[in-house]
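**Q** Dropping a prediction and its sequence here:
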Amino acid sequence: MKLKRISLHIGSEKTGTTRIQRLMHENRQKLNDIGILYPKCFGYTNHLDISVSCLSYEKITPARKQKGLIYPEIIEKFKNTKKSELLNECNKASAEEIIFSSEQMSSTMTSSNELINLFNLFPETEKIEIIFYIRRQDKMALSSYSTFIKSGGKHKFDPETISPSIHKYNFKKIINLWEETSKKFFVGKNIQMNIRNYENLRNLNKDIAVDFLESQKINFSTFNLANNTKVNKSLDSQSLEILRKVNHFLPSYGTTDTNAMKTRGALISYLEENSKNDPVKITHNQKKDLLTKFNSINQWVFNNYLQDDKEKF
C-alpha cells in the first residue's frame, strides 16, 4: 500500500500535546471516516511506544522498564510486533494518511539511527510532514519541572541548569536532525517541516487542538472539541515542595511496585485538586540570563521557519 501522507507531531513537550492526543483519540472513528488513521498500536492517546520501540538499546527508560524491554533481542521483537500491528491497522482502515503524535519523539529520540528505526516501520508514502510546536524555554522549563517532580524528582528548580546542551530545549538541533534524516531516508519524497509558535496561540487564546487540525487541513466540523478536563495540571509551588520532599521516600515513576505507584497517583491527584494559582517562578534576571543562552538558536528558528511571526521569543 502507498499512503498520500504521514504526519509526525513530535512535540515539543509542554505545548498542549496531551490536548491534541486526546482529541485525536476521541475522534478516531471520524478521522477514519475521512481516510486518516490515528493508530492504536503505539498507544491509544500518546504514541509513547514509538520511542519505546525506536530508541537505542542502551536507553533503558522508565517506559521500557515497565514493559520489561531491557535486552536488545526483546526490544527488536517488540519493534517488529509494532510494525506488523501498524500494517494491519492500515490495511483494515484503508487509510490514505496516518498521523502519529508523541512529544517523546523530539525529547528522547536524539540520533539519526533512532529516527531511521522509526522510518523503517512506515508503509510507503508520498509525503512526510513533521509538526513541531516551540515554546519559550523558560516557560517550558518551569512547566517541565512540575512533571519532573510528579515523576519522582528530588531536586529544586535551578534555571542555571537549563542550557542548549539539553536536547529538548535546543530547537535548532531537533529541527536539523529531523529534516536532514528525513531527506536522506525518504529520497525523492516531499518533506515538509511545519514549525509552529505555541506562544502565539497562547496570546491569541486559541485552542492548540484546533490549530493542529487546521494545520493538517482536516474538516473538523463534526468533531467533539469539548475540553472539559484539565490535563497535566501544574502544581503550585507549595504542593511541588511537599511532593519533592515525599519523593525521597517513594520510588520514582517506572517502578514495578504497584502499591507505590498507586500511592504516588493518589497523592498527586489530591495535590492537583487543592493546588492554588501560585506557580514556581524565577526572577526577571534569571529569565533574562536563561533566554540569553538560547538567543542564537531561537533567532535561527524564526529566520528560517517563522519569518512572518510577530511574536518572537
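**A** Yes, it's here.
**Q** all contacts plus neighbour counts: C-alpha atoms, from now on.
**A** Noted.
**Q** and stretch 198-214, what's its mean pLDDT?
**A** Stretch 198-214 shows a mean pLDDT of 94.
**Q** Just the C-alpha atoms of the biggest helix by length in the chain, please, in PDB.
**A** Secondary structure of the chain per DSSP state H: the longest helix is helix 72-93. C-alpha atoms of helix 72-93 as PDB (Å, rounded to 0.1, in the frame of the first residue of the first chain):
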ATOM      1  CA  PRO A  72      18.200  -5.900  22.600                       C
ATOM      2  CA  GLU A  73      16.600  -9.000  21.300                       C
ATOM      3  CA  ILE A  74      13.400  -8.300  23.300                       C
ATOM      4  CA  ILE A  75      13.300  -4.700  22.100                       C
ATOM      5  CA  GLU A  76      13.700  -5.900  18.500                       C
ATOM      6  CA  LYS A  77      10.900  -8.300  18.900                       C
ATOM      7  CA  PHE A  78       8.700  -5.600  20.400                       C
ATOM      8  CA  LYS A  79       9.500  -3.200  17.500                       C
ATOM      9  CA  ASN A  80       8.800  -5.900  14.800                       C
ATOM     10  CA  THR A  81       5.500  -6.600  16.500                       C
ATOM     11  CA  LYS A  82       4.500  -2.900  16.400                       C
ATOM     12  CA  LYS A  83       5.400  -2.800  12.700                       C
ATOM     13  CA  SER A  84       3.100  -5.700  11.900                       C
ATOM     14  CA  GLU A  85       0.300  -4.200  14.100                       C
ATOM     15  CA  LEU A  86       0.700  -0.900  12.200                       C
ATOM     16  CA  LEU A  87       0.400  -2.600   8.800                       C
ATOM     17  CA  ASN A  88      -2.700  -4.500  10.000                       C
ATOM     18  CA  GLU A  89      -4.300  -1.200  11.200                       C
ATOM     19  CA  CYS A  90      -3.500   0.500   7.800                       C
ATOM     20  CA  ASN A  91      -5.000  -2.400   5.800                       C
ATOM     21  CA  LYS A  92      -8.100  -2.600   8.000                       C
ATOM     22  CA  ALA A  93      -8.800   1.200   7.800                       C
END
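**Q** Tell me the gap between that helix and the middle of its chain.
**A** 21 Å (Cα atoms, centre = their mean, to the nearest Å).
**Q** Next up, the contacts around the residue sitting nearest the centre point of the chain.
**A** Centroid-nearest residue in the chain: Glu103, 1.0 Å away (criterion: Cα atoms, centre = their mean). By Cα atoms under 8 Å, 6 or more residues apart in numbering, the contact list for Glu103 reads 9-13, 17.
**Q** Which single one of those is nearest to Leu31?
**A** Of all the contacts of Glu103, Leu31 sits closest to His9, with 15.8 Å by Cα to Cα.
**Q** Near the closest one, how many residues? Count them for me, please.
**A** 24 (other Cα atoms under 10 Å).
**Q** Let me know the distance separating it from Glu180.
**A** The gap separating His9 from Glu180 is 17 Å, by Cα to Cα, to the nearest Å.
**Q** Met109 too?
**A** For Met109, the distance to Glu180 equals 14 Å [Cα to Cα].
**Q** Quick check on those two: which one has the bigger neighbour count.
**A** A direct count of neighbours by other Cα under 10 Å for Met109 and Glu180 places Met109 higher, at 26 against 12.
**Q** Does the more buried one touch Val52 like I think?
**A** No - counting by Cα atoms under 8 Å, Met109 stays clear of Val52, with 9.8 Å between them.
**Q** Remind me which helix or strand Ile191 belongs to.
**A** strand 190-197 (DSSP states H and E).
**Q** If you count contacts, what does that strand end up packed against?
**A** If you count contacts as 3 or more Cα pairs under 8 Å, 6 or more residues apart in numbering; DSSP states H and E, strand 190-197 packs onto strand 127-134, helix 171-185.
**Q** What residues of the longest one count as buried?
**A** Taking 16 or more other Cα atoms under 10 Å as the basis for neighbour counts, the residues of helix 171-185 that come out buried are 171-172, 174-175, 177-178, 181-182.
**Q** With that, I have no additional questions.
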